[in-house]
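Participant: predicted structure and sequence below. I'll ask about it afterward.
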Amino acid sequence: MVTVVKCPTCNRDVPWREDSLFKPFCSERCKQIDLGAWASESYVIPGEPVPDDDSDPENVWSKARRADG
């Protein structure tokens, strides 16, 4: 028996098999729609916002040194 999952984008049934090219999505289109939603920040992972200054490695090291005392 083949496992069937729902496409996260359109809710169509998707058989979970080796030849299902876009699993868990039903098609390239649904896969791209999902990727676009992540890229446009329509989807987010909950948590504390990360300050922009953490992208600079020097700022990260400065914070670590201050925390060590």
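Facilitator: Cool, got the structure. Computed from a prediction, not measured in an experiment: that's the story for all the values here.

Participant: do you know how far the closest residue to Glu28 other than its chain neighbours is from Trp38?
Facilitator: Distance criterion CB to CB, 6 or more residues apart in numbering; nearest residue to Glu28, sequence neighbours excluded, is Phe22 at 5.9 Å. Bear in mind the C-beta positions are built from the backbone N, C-alpha and C, glycine included. Distance of Phe22 to Trp38, given as CB to CB, to the nearest Å: 16 Å.

Participant: okay, those two: which has more neighbours?
Facilitator: Neighbours were tallied for Phe22 and for Trp38 using other CB atoms under 10 Å; the higher tally belongs to Phe22 (14 against 11).

Participant: just the pLDDT for that one.
Facilitator: In this model, Phe22 is scored at 95, pLDDT.

Participant: so who does it touch?
Facilitator: 14, 28, 30-31 (CB atoms under 8 Å, 6 or more residues apart in numbering).

Participant: doesn't it lie inside a helix?
Facilitator: No: secondary structure of Phe22 (DSSP: H, G, I helix; E, B strand; the rest coil): coil, not part of a helix.

Participant: distance check, it against Pro46.
Facilitator: The value you get for Phe22 to Pro46, if CB to CB is used, is 27 Å.

Participant: what of Cys30?
Facilitator: 24 Å.

Participant: more neighbours: those two, which one.
Facilitator: The residue with more neighbours, out of Cys30 and Pro46, is Cys30; 19 against 4, by other CB under 10 Å.
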